[in-house]
Structures are given as structure tokens and as C-alpha cells.
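> coords please:
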Amino acid sequence: MADQPLSRWKLALVLLLGLAIGAGSAVHSMKRGGLRGAGSTGWHGNAVTGSVDADPWTRARVALTGLLALNKSQAIYFTTQTDDSGARLSERCRYRVSGGALPARWWSVTVYADDDYLPQNEDDALSFDATEVKPDARAQWSALVASKPEPGLPWASSNKAGDYTLTLRLYNPTKAAQEDFGTIPLPKVTKLNCGGAA
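From the prediction side, this is the model:
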């Protein structure tokens, strides 16, 4: 009988541990889950974000990440926390974000720190958009995401972002893009170097 209080304490500890692991797993899933676009190795989106059809998990994801969730006829959102090799995006590294024409009237790519807030820096360059890139004759463009800019390249600053996330917003997307995310040619995120090393 002397072991009974100890057994109850162990049971309570196991239950608390299980609840903590379950809650952590749910938060991670809500923040990072979703659908992929064409050719995507890391971008994720959700076809019901901002709609009345959004399930409780999607609504919770929006509440957690602070994403302004417009209906998909107004905006489609994609996020990635990895480069095309699958490595975590880090402020220590430089990345080329590149792509072609996107099926929307206007688009932007924004850097968010891992807490889902904008990085706390003074660079005044937390995003780049369709008006800043310079497409070539084949409509291909590229931009830089790094802690420092380079002359002649559109730039989003990752200064003080730690391990961060990129968010792509497609405003007024085409009907085809709204109906099938798999047709959207999402940008590539290529690591150039880290800490000055190639």
C-alpha cells in the first residue's frame, strides 16, 4: 500500500508527458502542414485557408502563424522553411530564390523568423515582389535572401531571422491556380553558401 501514492504520481507524470508531446506535435503540424505546388521540394499551401470550408486545424494554423487568411480567389499562400536540398533556412546562409511567371496579378516573398514574426532588424528589406524582379526574355527572374544585399539584385533580409521561413503570397491568382495548386510553378530556393563558405 505504501507504493500507491508513488504509482499515482508516476501515472500523472506519464499523462502530463503524453499531453505535452501531443500538444507539441499538433502545434508543429498546424504550423507546417499543407499542400504542395508544382515542382516543389519545400513549399506548402492549403486550398481552404480563408474559406468557410476551413477545418478547425486550418483555422488553428492561421491563428498560430498570424497569417492574414484571405479567400483563395484573393490570395494563395505558400510557406517553406527549407531550401531545395531540404536543409533548414538559416540567417547564416545566402540563398537565390528564382522562378518564372507566376499565375497571379501580383506576388511577394517575405521573410519570417521562426516565431512567425518579421525579423527585428533595421534593413527595411523584409520582402521582394513582382515589381522588383527583372525577368529575362524567358520570363525567368532571381532574387537574393541573405543578411546583406548585393548590387543589382532584389533582396529580402534574413538579418536577425535565425532559422526562418519564407512566405509566398499570390494575389488575385488565376482560376486554374485556385483549382489546382499542383499547376503552380513555385520558385526554387537554392543555397549559395553559408558563413562565407561555398
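> where does this structure have low pLDDT?
By pLDDT under 70, the weakly predicted segments of the chain are 1-6, 11-12, 14-15, 17-41, 47-70, 196-198.
> how about 90 then?
Within the chain, the stretches falling below the threshold (pLDDT under 90) are 1-42, 44-74, 114-116, 181-182, 195-198.
> can you give me the helices for it?
Assigned by DSSP state H, the helices in the chain fall at 4-32, 56-65, 175-179.
> what's in contact with stretch 129-136?
G100, A101, L102, W106, W107, S108, V109, W141, S142, A143, P154 (CB atoms under 8 Å, 6 or more residues apart in numbering). (C-beta placed from N, C-alpha, C; glycine too.)
> can you map out the strands along the protein?
Under the criterion DSSP state E, strands of the chain are mapped to 44-45, 75-80, 93-99, 104-113, 127-129, 141-146, 155-157, 164-173, 188-194.
> columns mean neighbour count on top of the ones you listed, output as TSV?
Conversion of the strands of the chain to TSV gives the following (neighbours: other CB atoms under 10 Å):
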stretch	mean neighbour count
strand 44-45	20
strand 75-80	24
strand 93-99	19
strand 104-113	19
strand 127-129	19
strand 141-146	21
strand 155-157	22
strand 164-173	21
strand 188-194	16
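> got a markdown table for those strands, with distance to D180 too?
Supplementary listing: the strands of the chain in a markdown table, determined by distance: least, CB to CB, whole Å:
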| stretch | distance to D180 |
| --- | --- |
| strand 44-45 | 12 |
| strand 75-80 | 11 |
| strand 93-99 | 18 |
| strand 104-113 | 14 |
| strand 127-129 | 24 |
| strand 141-146 | 23 |
| strand 155-157 | 28 |
| strand 164-173 | 11 |
| strand 188-194 | 20 |
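> for N121, find the nearest of those.
Checking those against N121 by CB to CB gives strand 155-157 as the closest, at 5.9 Å.
> ok, the closest one: who's next to it in the sheet?
For strand 155-157, sheet partners with direction are given as strand 141-146 (parallel), following DSSP bridges.
> for the partner strand, C-alpha coordinates in CSV please.
Once side chains and other backbone atoms are set aside, the C-alpha atoms of strand 141-146 remain, and they are given as CSV (Å, rounded to 0.1, in the frame of the first residue of the first chain):
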residue,chain,number,x,y,z
TRP,A,141,13.9,36.0,-62.5
SER,A,142,16.0,35.7,-59.4
ALA,A,143,16.4,37.5,-56.1
LEU,A,144,18.6,37.2,-53.0
VAL,A,145,17.7,36.2,-49.5
ALA,A,146,20.6,36.9,-47.2
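> what's the angle between that strand and strand 188-194?
Using axes from the mean of the first three to the mean of the last three CA atoms, to 10 degrees, one finds that strand 141-146 and strand 188-194 are set 40 degrees apart in direction.
> list of residues touching strand 141-146?
89, 93-100, 109, 111, 128, 132-135, 150, 153-158, 166, 189, 192.
> try it again with 7 Å
Residues lying outside strand 141-146 but in contact with it, judged by CB atoms under 7 Å, 6 or more residues apart in numbering, are 94-99, 111, 128, 133-135, 150, 153-156, 158, 166.
> for L166, what are its contacts?
Going by CB under 7 Å, 6+ apart, L166 touches T79, T80, L89, V109, V111, V145, V189.
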